[in-house]
Every structure is written in structure tokens, then in C-alpha cells.
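**Student:** Can you look at this prediction? I've put the sequence above it.
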Amino acid sequence: SAVISQKPSRDICQRGTSLTIQCQVDSQVTMMFWYRQQPGQSLTLIATANQGSEATYESGFVIDKFPISRPNLTFSTLTVSNMSPEDSSIYLCSVAARETQYFGPGTRLLVL
Amino acid sequence: GQQLNQSPQSMFIQEGEDVSMNCTSSSIFNTWLWYKQDPGEGPVLLIALYKAGELTSNGRLTAQFGITRKDSFLNISASIPSDVGIYFCAGRASGGGADGLTFGKGTHLIIQP
């Protein structure tokens, strides 16, 4: 299985600011994804992070709000821009490997 | 888009009891995955299923990929306190991991001593 780390593990931010979350994988992977898990809810796919090209966003998520970088096959960042309290969630990085999918420990974000 | 219905939403059981939960889909999936999420952690993969009818075990856990490819179940035998957590089913309509997963809403498992 792939070992995934995320930074920061948690943060408390003021509304209107932005936070960049980093995801590092211990091996090269083709597919990387970003998910959001709102309090008490299931996981929702935000976007697929594509290496060398723009991320592919799911319905309801836009690049201006959630810009994503994927500079290589082991690293990706997700930025939550112009935050509001409704952005308080767990943000999870995920990678596809051998037809299954693994998750990082998540970044717990609280926006005041 | 695809939707997954996971049930039950929560379960209150006694230690030692068996547990069963299932997911149904509005469309055909090629992959079914079952995850467990503990508080403050990311989901951890329990079992992966890739073929219709496939029955796979992982210790006290058993999961099956439904023949119609629209459903899957997870059984836990002889539950123990560390089984407490949220269990999610997830499915993928395409092969090769090209798309992200669709998740069920989760089953909260609570074990009473």
C-alpha cells in the first residue's frame, strides 16, 4: 500500500484567508485525488490532480476556490481560497494504486 | 451522478455479536471497496472487490461483490471493542483507478460492553 502524509494535520484560520495543504506519497502514483469530508458526513470528491496539466474538478467545485498543483508523481497541493466557516472540513488526499485507493490522514480545517 | 445507499446508518450491538451492512448503487460498479474510519484519522482500506460474485475475507471481515454489480455487503463476525468506528462503502464505475470513488454515507458501529 502507498504511504501518504499530509501537512498541516490541522489548522484554525480566519475567514477571507487561504490555506495550502500538502500531500506527499512514498512512491510514484499516476492518480491523485482530493476529497472533502464535512463534519459528520461522508467523503466528497473535489478534484483529480493531474500531473503536468490542470486538475479535473467535480461538479460544485471550481479552480478559483480550490486551486490544485501536481508538480510530480509524488506530490500535490490543495489550496482553500478566501475561506468561510462553511469550508470547515477534513480535507483528504488520496492515491490510486493497483486498482484500489488509499487515503492520507487528513487535514482538519476550522474557519472562524 | 452515481449514488450509493448504505445501510444501516448506525448499529448498536453487544460485543461478540455479528454485524452486517450493505450498499446498493443506482448504476453498475466495477470495483467495490470497504473502508473503516476512526475518529481523527483518514479512511483505512479493509477489503477490495473487483469481480461480480467475488467473496473476500480479511480476518473476521467478509465482503461480497453482488452478482448484479450494483451492491455489496460487509460482515464482521464476533465483534470486539476496536471494531467501533465508521464503515464506508465506495465504488468505482470504471476500471484502472482512473476516476475517483463514490462513497456511501457510512455506517456508525457502536459496541456496548
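**Tutor:** Done, it's in. Numbers count the residues shown, from 1 in each chain, chains lettered A, B, ... in the order given.
**Student:** Show me what the longest strand that chain A contains is packed against.
**Tutor:** Criterion DSSP state E: the longest strand present in chain A is strand A:89-97. Secondary-structure packing of strand A:89-97 (3 or more Cβ pairs under 8 Å, 6 or more residues apart in numbering or on different chains; DSSP states H and E): strand A:4-7, strand A:19-25, strand A:31-37, strand A:75-80, strand A:100-103, strand A:107-111. C-betas here are computed from N, CA, C, even on glycine.
**Student:** strand partners of it, parallel vs antiparallel please.
**Tutor:** strand A:31-37 (antiparallel), strand A:100-103 (antiparallel), strand A:107-111 (antiparallel) (DSSP bridges).
**Student:** Select from the helices and strands packed on strand A:89-97 the stretch with the lowest mean pLDDT.
**Tutor:** Lowest mean pLDDT of the helices and strands packed on strand A:89-97: strand A:100-103, a mean of 90.
**Student:** Which strand residues bridge the closest residue to A:Ser1 other than its chain neighbours?
**Tutor:** Once flanking residues are discounted, A:Ser1 sits nearest to A:Tyr102: 5.5 Å by Cβ to Cβ, 6 or more residues apart in numbering or on different chains. Judged by DSSP bridges, the bridge partners of A:Tyr102 are A:Val95.
**Student:** My read is that A:Trp34 contacts A:Val95, right?
**Tutor:** No: the criterion here is Cβ atoms under 8 Å, and A:Trp34 misses it with A:Val95 at 10.8 Å.
**Student:** Do you have the strands of chain B handy? List them.
**Tutor:** According to DSSP E, the strands that chain B contains are B:4-7, B:10-14, B:19-25, B:31-37, B:44-49, B:55-58, B:61-65, B:71-76, B:85-92, B:102-103, B:107-112.
**Student:** could those go into CSV alongside mean neighbour count, distance to A:Thr20 and mean pLDDT?
**Tutor:** Putting those into CSV (neighbours: other Cβ atoms under 10 Å in any protein chain shown; distance: least, Cβ to Cβ, whole Å; pLDDT from 0 to 100) gives the following:
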stretch, mean neighbour count, distance to A:Thr20, mean pLDDT
strand B:4-7, 18, 31, 94
strand B:10-14, 13, 36, 95
strand B:19-25, 20, 34, 96
strand B:31-37, 25, 24, 95
strand B:44-49, 19, 26, 95
strand B:55-58, 13, 36, 96
strand B:61-65, 20, 37, 97
strand B:71-76, 22, 36, 97
strand B:85-92, 24, 27, 94
strand B:102-103, 23, 25, 90
strand B:107-112, 16, 32, 93
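**Student:** could I get those as a markdown table with distance to chain A?
**Tutor:** Shown next, in a markdown table, are those (distance: least, Cβ to the nearest Cβ, whole Å):
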| stretch | distance to chain A |
| --- | --- |
| strand B:4-7 | 8 |
| strand B:10-14 | 12 |
| strand B:19-25 | 11 |
| strand B:31-37 | 6 |
| strand B:44-49 | 5 |
| strand B:55-58 | 12 |
| strand B:61-65 | 13 |
| strand B:71-76 | 14 |
| strand B:85-92 | 6 |
| strand B:102-103 | 5 |
| strand B:107-112 | 9 |
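**Student:** Output those as TSV; include the columns distance to A:Pro71.
**Tutor:** TSV is the format used below for these (distance: least, Cβ to Cβ, whole Å):
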stretch	distance to A:Pro71
strand B:4-7	33
strand B:10-14	42
strand B:19-25	35
strand B:31-37	28
strand B:44-49	27
strand B:55-58	36
strand B:61-65	37
strand B:71-76	36
strand B:85-92	26
strand B:102-103	28
strand B:107-112	38
